[in-house]
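Chemist: Sequence and computational prediction follow.
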Amino acid sequence: QQPVQSPQAVILREGEDAVINCSSSKALYSVHWYRQKHGEAPVFLMILLKGGEQKGHDKISASFNEKKQQSSLYLTASQLSYSGTYFCGTESASYDKVIFGPGTSLSVIP
Amino acid sequence: DGGITQSPKYLFRKEGQNVTLSCEQNLNHDAMYWYRQDPGQGLRLIYYSQIVNDFQKGDIAEGYSVSREKKESFPLTVTSAQKNPTAFYLCASKGPAETAKSNTEAFFGQGTRLTVV
């Protein structure tokens, strides 16, 4: 029941774009996205609810296709500070447990 | 300031010993979670609790135990039955959604790094 994330790892040059995908075999109520730097706690990026809502702030946005049980995180014009491991977390119902995917390691190089 | 606090930051355990990791939150959140993270791995759910005096097993509960006697506190005990306890442990809490069409994020503590010596 753990969501699947792809790609496992990606290397970008500053200014390039990236897409990270998250999919589940279960019907989803919401999807969370977090970024974690090595040895630190995950930092919240955004939540999406079923309804196909797309959210975003600054140059990071995400979409949620509830019919396909998939979410994608879009990073545009990447900055060095975007480096880290990105996790999606899924909930199957309101106020349910949050199950995280294995993570996508993203490295941005000058 | 509201937040979630884990202690200690680093913990060393001898084989065969039980150890307890502390997690306290002053966010007035009902739901609390314990995750285990191994190097290069994702976050795996150990236990979670949605209300005081109630908790459920996650995907990897064997060798762990928890209690939820107070809303603010959700300690995790790593027992001697856990064969490979060396890992980074993260506690999180989550508040209720304000409406049926909203949701709230999980707030994480800074983690406890447990090493068996």
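Modeler: Ah, there it is.
Chemist: how about the residues of chain B near chain A?
Modeler: Among all residues of chain B, those adjacent to chain A (criterion: C-beta under 8 Å from any C-beta of the partner chain) are B:31, B:33, B:35, B:41-45, B:48, B:50, B:56, B:58-59, B:88, B:90, B:92, B:94, B:96-97, B:100-111. In short, each C-beta sits where N, CA and C put it, glycine included.
Chemist: could you flag which of the residues you listed are buried?
Modeler: The neighbour-count criterion (16 or more other C-beta atoms under 10 Å in any protein chain shown) marks B:31, B:33, B:35, B:42-45, B:48, B:50, B:58, B:88, B:90, B:92, B:94, B:97, B:103-109, B:111 among the residues of chain B next to chain A as buried.
Chemist: Give me the subset of the residues you listed lying in strands.
Modeler: Cross-referencing these with the strands (criterion: DSSP state E) gives B:31, B:33, B:35, B:43-45, B:48, B:50, B:88, B:90, B:92, B:94, B:106-108 as the overlap.
Chemist: Identify the farthest-apart pair in those residues.
Modeler: Comparing every pair within these by C-beta to C-beta identifies B:50 and B:88 as the most remote, at 24.0 Å.
Chemist: Tell me, what's the model's pLDDT at residue 53?
Modeler: With no chain named, the answer covers chain A. Reading off the per-residue confidence, residue A:53 sits at a pLDDT of 64.
Chemist: Chain B is the one I meant
Modeler: The predicted local distance difference test score for residue B:53 is 95.
Chemist: Pull the number of nearby residues for the residue nearest to it when sequence neighbours are not counted.
Modeler: With sequence-adjacent residues excluded and distances taken as C-beta to C-beta, 6 or more residues apart in numbering or on different chains, residue B:53 is closest to residue B:68, at 6.1 Å. One way to gauge burial is a neighbour count; for residue B:68, by other C-beta atoms under 10 Å in any protein chain shown, it gives 20.
Chemist: Residue B:68 contacts residue B:56, doesn't it?
Modeler: No. Under the criterion of C-beta atoms under 8 Å, residue B:68 is not in contact with residue B:56, lying 10.5 Å apart.
Chemist: Spell out which residues are contacts of both of these two.
Modeler: Common contact partners of residue B:68 and residue B:56 (C-beta atoms under 8 Å, 6 or more residues apart in numbering or on different chains): residue B:49.
Chemist: what about the chain, any weak spots by pLDDT?
Modeler: Looking at chain A here, since you left the chain open. Scanning chain A for pLDDT under 70 picks out the ranges A:52-56, A:94-95.
Chemist: Hmm, no, I was thinking of chain B.
Modeler: Low-confidence regions of chain B, defined by pLDDT under 70, span residues B:1, B:97-102.
Chemist: Who are the contact partners of the spatially most central residue of chain B?
Modeler: Residue closest to the mean C-alpha point of chain B, counted by C-alpha atoms, centre = their mean, is residue B:34 at 2.5 Å. With contacts taken as C-beta under 8 Å, 6+ apart, residue B:34 has the following neighbours: B:21, B:23, B:45-48, B:58, B:64, B:66, B:74, B:76, B:89-91.
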